[in-house]
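1. For reference, the sequence and a predicted model appear below.
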Amino acid sequence: NLDAWTSGLSSMNVTGYDNPLVGYVNSLPWNRAETNFDFVNNWTKVKGNHTIKFGVDVRRLRDELLQTQDAGGPRGEFQFGNNQTSTPGAAVLAQVNGLAGFLLDRPSLLQRDIAVVFPSYRAIMLFTYLQDKWQVTQKLTIDLGVRHDYYPPATPRYAGGFANYDWNTNTIAVAGYGNNPMNLGRKTFYTNFAPRLGMAYRIDPKTVLRAGFGLSWIPFPDNKYAWDNFPVKQSIVYNAGNTYGQATTAPGVYGAMGTGFPAPQPIAIPANGMVTPSVSQNIASVIPLDYHEGYIQSWNVALQRQLPAHFSLDAAYVANHTVRAPVTWNLNAGFLFNQGAAGRPLFQKFGKSNDVNLRFVGVSNNYNSLQTKIDRRFHNGLLVTTAYTFAKAMGSSSEDGNVWNYIQPSRNYSRLDFDRTHTFVQSYVYELPFGPGKPVAKTGVARWILGDWQVSGVLSLMTGRPMTFGTNVSANTPGSSITPDQIAPFVVTHNVAGPSGTATWFDTSAFKQPLDADGKTPHFGNMGRNNLNGPGLFDLDLSLFRKFKFGEKVVAELRAETTNFTNTPSFAAPNLTVGDTNFGKITSTLNGLIANQSVGGTGPRVLTFALRIKF
């Protein structure tokens, strides 16, 4: 324990046991502070048939997060493997050899993170807009507007708080040292204009046509920015000299819990601010100095029509196109198939075998949909909404995601993970026609028994999300994945295995390992990314309410509600790894709100009874 930040019990990780066996996870402790200053001013001017709005939004961001978790955390970590109490060729006894090494204090590795600079993020962002709502005629309204977003490159609070890696020269530029500017020299873009255009036209008293277009800029997705790199964060790692040896902290000096960690020796930052990292030092992220924020173009055309019996119909084409969606690009991904580390470009140049992530490069995504809705306004105690969406979302990667294949980049473009082709949702609220103000049973015993009841429900139907198949055959190509070969049509059996069953949700004989004729040499399979659908979703939620009035001031409401009334499970995707013993089996379900596409499921049936009193 060196100070308050490093004080506490070190972690002891023992092979064969849940880790840490003793101590805390390496992400603790952490110290965070976020202070934002906002100045917002909006003005409105009405002149004739124009309503003009303009304003400004200035934001001063101050984010700080001290969290060292690359190599054991600030308290340090001792790892105890099986080999330190074994010999070459001997059988390893699970949960025995590792524990023996722990009891004998013979670690295979010691490591600890060092907090050099308190990482921080500083920026002043400026947003302005001008909008005109123009009532051209009684039938036509036009909205015209433009917004401007100014995102300057961020800076750290102190010199040395940012660091950026140059993969061409294998050097790290430390902000604020030598000729390195505090913003790392990232280019500033002043042309982030975002136009808006909207139109509403009343064709006749029952029909309205609407259309709109807007452009929105995407801010840098992650405020960790350039503070997550060496030498802002440093660590010390002591390994064993050989596979069966004990970790050493210096030539001839063995590491152990009994002797503790040697005193930290942070690497000094030279006056010119340029550091050459060793092969093992982690480069968490690289900020491209010409990074220009991406943007989203959104547009829609909608027709609304009033129908008889208090119904209305909406039909709309809704779409968007993302330009330069920020996606992480691994600069050290293997570009030679089946060559392992030898195929990594930075391994060939500098001997680096770990990932080096460029944040971010831009890819294009798009979403197109037909959205229809039939509504019945609340009348005579009945309200109904019915909505159907036919959609497709395509792209190379979800925003802030990763690249799936580097050697064959054209295969990355496919349906996005959240895509559901068909979505149907119907909801209703119905007040039963009994009781005061209703057609039947207005008074007497029938009013007390049948009056003031209300039923409601929501039915949701969705097709499944896309699935990407994999294999336990190694591609030996860091950063890229291979798929199996599909040799027959995809046939869904809808069988569910359960935790220990044998049934498969689809016919697994349609897939085989991606191996050449020799049965040993791997190749890229013929399947793509996200090209087959997983299980769909069915959910019905119902509720029943009854109101009781006591005098003029007290109302009691008895509520009975159920989610997933039919108790229909929302199945997770089956196991998609060819060669796995569970390939093709569904062994789990999804839980969560339907609207939450990251979860996309419902839990088991839940009944809720409640009494609400209002007075």
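-> Arrived safely, thanks for sending.
2. For the top strand by length along the chain, name the packing helices and strands.
-> Determined from DSSP state E, the single longest strand within the chain is strand 357-379. With contacts taken as 3 or more CB pairs under 8 Å, 6 or more residues apart in numbering; DSSP states H and E, strand 357-379 sits against strand 311-330, strand 382-395. C-betas here are computed from N, CA, C, even on glycine.
3. what's the nearest residue to N472 if we skip its chain neighbours?
-> Nearest-residue entry for N472: G579, 3.8 Å, with adjacent residues in sequence omitted and distances by CB to CB, 6 or more residues apart in numbering.
4. Check L65 too.
-> R32 (4.8 Å).
5. hang on, the one you found packs against P119?
-> No. With contacts counted by CB atoms under 8 Å, R32 stays clear of P119, the gap being 10.2 Å.
6. what do these two both touch?
-> 64-66 (CB atoms under 8 Å, 6 or more residues apart in numbering).
7. And stretch 229-245, what's buried?
-> Neighbour-count burial for stretch 229-245 flags 229-240 (criterion: 16 or more other CB atoms under 10 Å).
8. just to revisit the earlier point, which one among the shared contacts of R32 and P119 gets closest to P436?
-> Taking CB to CB as the measure, P436 sits nearest to L65 out of the shared contacts of R32 and P119, at 60.0 Å.
9. starting at the chain centroid, how far to the host helix or strand of that closest one?
-> Counting by DSSP states H and E, the element that carries L65 is strand 50-66. The chain centroid and the centroid of strand 50-66 are separated by 25 Å, computed with CA atoms, centre = their mean, to the nearest Å.
10. count of neighbours near M182?
-> 19 (other CB atoms under 10 Å).
11. Could you report the distance from the residue of the chain positioned farthest from its centre to L558?
-> Each residue of the chain has a distance to the centre, and by CA atoms, centre = their mean the biggest one is for G444: 58.1 Å. Relative to L558, G444 is positioned 21 Å away (CB to CB, to the nearest Å).
12. again, but for A94
-> From A94 to L558 the distance is 57 Å (CB to CB).
13. of the two, who's got more company?
-> Neighbour totals were compared for A94 and L558, and L558 leads with 15 against 11 (other CB under 10 Å).
14. Give the helix, strand or coil label for that one.
-> strand (DSSP: H, G, I helix; E, B strand; the rest coil).
15. Name all residues that make contact with it.
-> By CB under 8 Å, 6+ apart, the neighbours of L558 are 545-548, 609-611.
16. Just the buried residues of the residues you listed.
-> For the contacts of L558, buried by 16+ other CB under 10 Å: 545, 547.
17. Strands - which of the contacts of L558 land there?
-> Counted as lying in strands by DSSP E, out of the contacts of L558, are 545-548, 609-611.
18. Could I get the buried residue list for the helix or strand of the chain with the lowest mean pLDDT?
-> Scoring the helices and strands of the chain by mean pLDDT, DSSP states H and E places helix 444-450 at the bottom, with a mean of 76. By neighbour count with 16+ other CB under 10 Å, helix 444-450 contains the buried residues 447, 450.
19. ok, now stretch 300-307?
-> 300, 302, 304.
20. Just the pLDDT for the residue lying closest to R420 once chain neighbours are set aside.
-> With sequence-adjacent residues excluded and distances taken as CB to CB, 6+ apart, R420 is closest to M462, at 5.0 Å. With respect to pLDDT, M462 scores 95.
21. State the distance from M462 to G534.
-> For M462, the distance to G534 equals 11 Å [CB to CB].
22. For stretch 6-15, measure first residue to last.
-> The straight-line separation of the ends of stretch 6-15 (CA to CA, to the nearest Å) is 25 Å.
23. Buried ones in it, by neighbour count?
-> Those would be 6, 8, 10-15, for stretch 6-15 by 16+ other CB under 10 Å.
24. ok, now stretch 87-103?
-> Under the neighbour-count criterion of 16+ other CB under 10 Å, stretch 87-103 has 97-102 buried.
25. contact partners of it?
-> 12, 14-17, 21, 80-86, 107-108, 243-244.
26. hey, C-alpha coordinates of that stretch in PDB?
-> What follows is stretch 87-103 as a C-alpha-only set of coordinates in PDB (Å, rounded to 0.1, in the frame of the first residue of the first chain):
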ATOM      1  CA  THR A  87       6.500 -31.200 -13.900                       C
ATOM      2  CA  PRO A  88       6.500 -31.400 -17.700                       C
ATOM      3  CA  GLY A  89       4.300 -34.300 -18.800                       C
ATOM      4  CA  ALA A  90       2.600 -34.900 -15.400                       C
ATOM      5  CA  ALA A  91      -1.200 -34.900 -15.200                       C
ATOM      6  CA  VAL A  92      -2.600 -31.700 -13.700                       C
ATOM      7  CA  LEU A  93      -5.000 -32.100 -10.800                       C
ATOM      8  CA  ALA A  94      -7.800 -29.600 -11.200                       C
ATOM      9  CA  GLN A  95      -8.100 -27.200  -8.200                       C
ATOM     10  CA  VAL A  96      -5.200 -28.900  -6.600                       C
ATOM     11  CA  ASN A  97      -2.000 -27.800  -8.300                       C
ATOM     12  CA  GLY A  98      -3.100 -24.100  -8.400                       C
ATOM     13  CA  LEU A  99      -4.100 -24.100  -4.800                       C
ATOM     14  CA  ALA A 100      -0.800 -25.800  -3.900                       C
ATOM     15  CA  GLY A 101       1.100 -23.000  -5.600                       C
ATOM     16  CA  PHE A 102      -1.000 -20.400  -3.600                       C
ATOM     17  CA  LEU A 103      -0.300 -22.200  -0.300                       C
END
